[in-house]
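S.K.: Quick one, fold the following:
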Amino acid sequence: MPKIVNFVHNYNITMGINIFTLTSRLHDAEAITRSTSAFLSSLGFDYSFKGEDFADYGKGGLDLIYVRTGGTEGLFLEMLSTLEDMPRKFYLLTSGESNSLAASMEILSYLNNNGMTGEIIHGDTAYINQRISIIEKTVSARAALSGMTLGVIGKPSDWLISSGVDYDIVKKRLGVTLVDISMEELLEVYGNTATPADDMIKEARNEDEKSRISNAVKLYEALKVIVERYHLSGFTIRCFDLLTAIRNTGCLALARFNAQGIVATCEGDIPAMLSMAITQVLTGYSGFQCNASTINPVTGEILFAHCTIPFNMVTRYELDTHFESGLGVGIRGYSQPGPVTVFKTAGDMSRHFAEEGELKRCQGEPNLCRTQQIIALDNVQATQYFLTRPIGNHHVVIPGRCKALLDEILD
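M.R.: Sure, this is the predicted structure:
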């Protein structure tokens, strides 16, 4: 296995929880302080207690408004009038004591009636902890996405007829800036790049394979220059143009970049790149960009395949040629069976698909793209999405059960 390093970014982070309070003056202050301490201690997560001072509200992290008592609706309106920028969503935490749930419902109703969104976080300790953990991760992920720059090298492949993207909408909804980079610029860098010494070249079994791996590594080095030049957190590349330009593919380079935290997708597929950027900041994995090759609507089993997979998602791999062309280097990766999530977002974030399942096995049949995974979806009926209303052809497979996180960030 190649050594996996963090190339530039580590997005799988949290930003901290801030707790602000709303409390009616009619209630006994000492009793409320005691109940607050007991309730927050029972939740078992670290937080910064801000109390009634909302000066830092919306300045960073996950902001929870702990509605401690009833009769706080007017206090909420007073607080609302002081905010310079409205948050994406208000989170109202309540224990249910002292009519706090009733007040929270009145506040949430007001928000809904006035074009704002919110959620009451209420239930037993296990539910509250799980819900706050999901929200905190998605708030952190949104912050990581905001300000990110992703490159489009070349343009989307001609067959991606449903995968166009409005750059302004992406900027508005995700905070991500898309920049166009010409294939000519990459090829010029490639022409000026020396082939470095690389342990992967030593895996070659003959001179032809050594030449193909050497040029694939050279392309990786050229792409590193582009990434650094434009300060990219990721890119998509019109990779089939490389078959004629340099008689090689981007499969090996993409496998490395994705394992190192730089999102990298095939065929100039921008929605796939955005999907993988989201999974990267949420889970630490860019995911396996792949096509559904066969679907069994009765059992829920789907065979996904492509010629590249991040090296940090496999237990072993083999180097082969690119399937369609027989050129360059393709990756046949074998991943550990277990829980996975299949995901894709539309380019305008208007809808998405996220379903969990089990990776049953990997195979290496010669008549398909090199990495092949057979996945059984938990929800068998979800196979109908692929047959009736798919979001393009490429989808992303991520290790683990991530549906709740993905649904939350794209809510």
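S.K.: name the helices or strands packed onto the helix ranked longest in the chain?
M.R.: Ranked by residue count under DSSP state H, the longest helix found in the chain is helix 207-230. Applying 3 or more CB pairs under 8 Å, 6 or more residues apart in numbering; DSSP states H and E, we find helix 207-230 packed against strand 149-153, strand 177-181, helix 183-191, strand 234-237, helix 251-259. From N, CA and C alone the C-beta is placed, and that goes for glycine too.
S.K.: in it, what counts as buried?
M.R.: Applying a neighbour-count criterion of 16 or more other CB atoms under 10 Å, one finds 209, 212-224, 226-227, 230 buried in helix 207-230.
S.K.: Figure out which of the helices and strands packed on helix 207-230 is closest to residue 91.
M.R.: strand 177-181 (28.0 Å; CB to CB).
S.K.: now for that closest one, which elements pack on it?
M.R.: Going by 3+ CB pairs under 8 Å, 6+ apart, strand 177-181 lies up against strand 149-153, helix 167-174, helix 207-230.
S.K.: Nearest to residue 298 among the ones you listed would be which one?
M.R.: helix 167-174 (36.9 Å).
S.K.: Report the rounded mean pLDDT for that closest one.
M.R.: Averaging pLDDT along helix 167-174 gives 94.
S.K.: And for stretch 71-91?
M.R.: 92.
S.K.: do the same with stretch 267-286
M.R.: Computed over stretch 267-286, the average pLDDT equals 96.
S.K.: just use 21 as the starting number from now, easier for me
M.R.: Yes, from this point I'll number from 21; that puts the last item at stretch 287-306.
S.K.: quick one on the thing from earlier: orientation of the longest helix of the chain relative to strand 169-173 in degrees?
M.R.: On the basis of axes from the mean of the first three to the mean of the last three CA atoms, to 10 degrees, helix 227-250 is oriented at 130 degrees to strand 169-173.
S.K.: Now stretch 418-431: buried residues?
M.R.: 418, 419, 422, 423, 424, 425, 426, 428, 429, 430.
S.K.: what helices or strands is whichever strand or helix holds residue 299 leaning on?
M.R.: Applying DSSP states H and E as the criterion places residue 299 in helix 290-303. Judged by 3+ CB pairs under 8 Å, 6+ apart, the packing partners of helix 290-303 are helix 145-165, strand 169-173, helix 187-194, strand 254-257, strand 283-285, strand 358-365, strand 414-419, helix 423-429.
S.K.: out of the ones you listed, deepest packed?
M.R.: Mean neighbour count (mean count of other CB atoms under 10 Å) peaks for strand 283-285 among those, with a mean of 31.
S.K.: Please convert the helices and strands packed on helix 290-303 to TSV, extending it with distance to residue 323.
M.R.: Converted to TSV, these look like this (distance: least, CB to CB, whole Å):
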stretch	distance to residue 323
helix 145-165	30
strand 169-173	29
helix 187-194	31
strand 254-257	24
strand 283-285	20
strand 358-365	12
strand 414-419	12
helix 423-429	21
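S.K.: and residue 311, which of those is closest to it?
M.R.: That would be strand 414-419 among the helices and strands packed on helix 290-303, by CB to CB, at 6.3 Å.
S.K.: List the pairing partners of the closest one within its sheet, with orientation.
M.R.: strand 308-315 (antiparallel), strand 358-365 (antiparallel) (DSSP bridges).
S.K.: Tell me which of those sits nearest to residue 125.
M.R.: Set against residue 125 and scored by CB to CB, those come closest in strand 358-365, at 31.7 Å.
S.K.: Now the element after the closest one, going C-ward?
M.R.: Using DSSP H and E, the helix or strand that follows strand 358-365 towards the C-terminus is strand 372-383.
S.K.: what stretches of the stretch 71-220 of the chain score poorly on pLDDT?
M.R.: Within the stretch 71-220 of the chain, not a single segment meets pLDDT under 70.
S.K.: what distance separates the helix holding residue 299 from the centre of its chain?
M.R.: 4 Å (CA atoms, centre = their mean, to the nearest Å).
S.K.: got it, and stretch 232-252?
M.R.: 23 Å.
S.K.: As CSV, could you dump the C-alpha coordinates of it?
M.R.: The C-alpha trace of stretch 232-252 is given here as CSV (Å, rounded to 0.1, in the frame of the first residue of the first chain):
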residue,chain,number,x,y,z
ARG,A,232,2.9,3.3,-17.7
ILE,A,233,3.3,3.7,-13.9
SER,A,234,6.1,6.2,-14.4
ASN,A,235,3.9,8.5,-16.5
ALA,A,236,0.9,8.1,-14.2
VAL,A,237,3.1,9.2,-11.3
LYS,A,238,4.4,12.1,-13.5
LEU,A,239,0.8,13.2,-14.0
TYR,A,240,0.2,13.1,-10.3
GLU,A,241,3.2,15.4,-9.8
ALA,A,242,1.9,17.8,-12.4
LEU,A,243,-1.5,17.9,-10.8
LYS,A,244,0.2,18.7,-7.5
VAL,A,245,1.5,21.8,-9.1
ILE,A,246,-2.0,22.8,-10.3
VAL,A,247,-3.4,22.1,-6.8
GLU,A,248,-0.8,24.3,-5.2
ARG,A,249,-1.0,27.0,-7.9
TYR,A,250,-4.7,27.5,-7.4
HIS,A,251,-4.9,26.6,-3.7
LEU,A,252,-7.4,23.9,-4.5
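S.K.: Cool, thanks, talk later.
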